[in-house]
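Student: I'd like to go over a predicted model; first the sequence, then the structure.
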Amino acid sequence: MYAPWFGPLPWYANYFIESCGKSSRIQWIINSDQPAPGQLPANVLWLRTYDLTLRIAELFGVPLHDREWGHKLCDLKPFWHQLFKPFDAPNFEFRGWCDWDVVHDLNGLNFDFDSAKFTNGWQCSPLFITRNKGALEWWPTRLNDFLGDQESWAWDELRYLKHINSTILQPGLTPEVDLVAPARYAVHMYRAKYLPALYEEWLSKYCKFLFS
């Protein structure tokens, strides 16, 4: 599972890292230009990465000047496994991506699907898993425009994932958007990542898996 982060770590970083530790059946790969925030769970691989623009330019074959990628990196989620896979990583049967504002425990997950979304709504991209075999590979046709723009195009959720017919693993993912009851596996902290008090409220209200 790929979860890169570039720039100063968010205040909720330890919540995310702790979640990764709970999902112990998954190998988490985090590329970052920041040092790891203390002791990491055994299943989290933290890789210091400074050549992000070079990696992207080599993957897409497009000359790029060094730049800040910011939220634009979300557009590249379908390609994170190519950008960030360690050269000596084993060939896992599944791969996926996860945003840092997702609190999760995936230990109870049965990997009996070809691909999995954690909501049937449009905000399905914060957490996604797919089998490596037969996974959709779909590249943007206007690469210079796609990569040159500083803003996200929501490529991952509006242009990519809508073409994948996936198993839906829980009714919703994001509180006050499509999640109305405690979740089974994961909660997308959407607005709450900006409001620590709301974050704590949502933890107790929606994160059933943390308190069972």
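Tutor: Sure thing, it's come through. The structure presented is a predicted model; accordingly, all values stated were derived computationally and were not measured.

Student: only C-alpha atoms from now on, for both contacts and neighbour counts.
Tutor: OK.

Student: spit out the contact partners of residue 136.
Tutor: Residue 136 is in contact with residue 164, counting by Cα atoms under 8 Å, 6 or more residues apart in numbering.

Student: use 25 as the first number from now on
Tutor: Sure thing, new numbering starts at 25, so read that last one as residue 160.

Student: measure it to residue 104 for me?
Tutor: 14 Å (Cα to Cα, to the nearest Å).

Student: just for the chain, where's the confidence low?
Tutor: By pLDDT under 70, the weakly predicted segments of the chain are 158-159, 236.

Student: and for it, the residue most distant from the center?
Tutor: residue 87 (26.0 Å; Cα atoms, centre = their mean).

Student: give the full set of residues in contact with it.
Tutor: Residue 87 touches residue 81, counting by Cα under 8 Å, 6+ apart.

Student: same thing with residue 146?
Tutor: Listed by Cα under 8 Å, 6+ apart, the contact set of residue 146 reads 181-182.

Student: what helix or strand is it on?
Tutor: For residue 146, there is no enclosing helix or strand under DSSP states H and E.

Student: is it true that residue 121 touches residue 150?
Tutor: Yes. The pair residue 121 / residue 150 is scored as a contact, 7.4 Å apart, by Cα atoms under 8 Å.

Student: surely residue 190 meets residue 138?
Tutor: Yes. The pair residue 190 / residue 138 is scored as a contact, 7.2 Å apart, by Cα under 8 Å.

Student: higher neighbour count, these two?
Tutor: More crowded of residue 190 and residue 138, by other Cα atoms under 10 Å: residue 190, with 19 against 16.

Student: in the protein, which residue is closest to the centre?
Tutor: residue 122 (1.8 Å).

Student: now the residue farthest from the centre of the chain: how far from residue 168?
Tutor: With Cα to Cα as the criterion, residue 87 and residue 168 are 9 Å apart.

Student: and residue 199, by the same measure?
Tutor: In terms of Cα to Cα, residue 199 sits 36 Å off from residue 168.

Student: what do you get for residue 31?
Tutor: 24 Å.

Student: same check, this time on residue 104
Tutor: Counting by Cα to Cα, the separation of residue 104 from residue 168 is 19 Å.

Student: looking at these two, which one has more neighbours?
Tutor: residue 104 (20 against 13).
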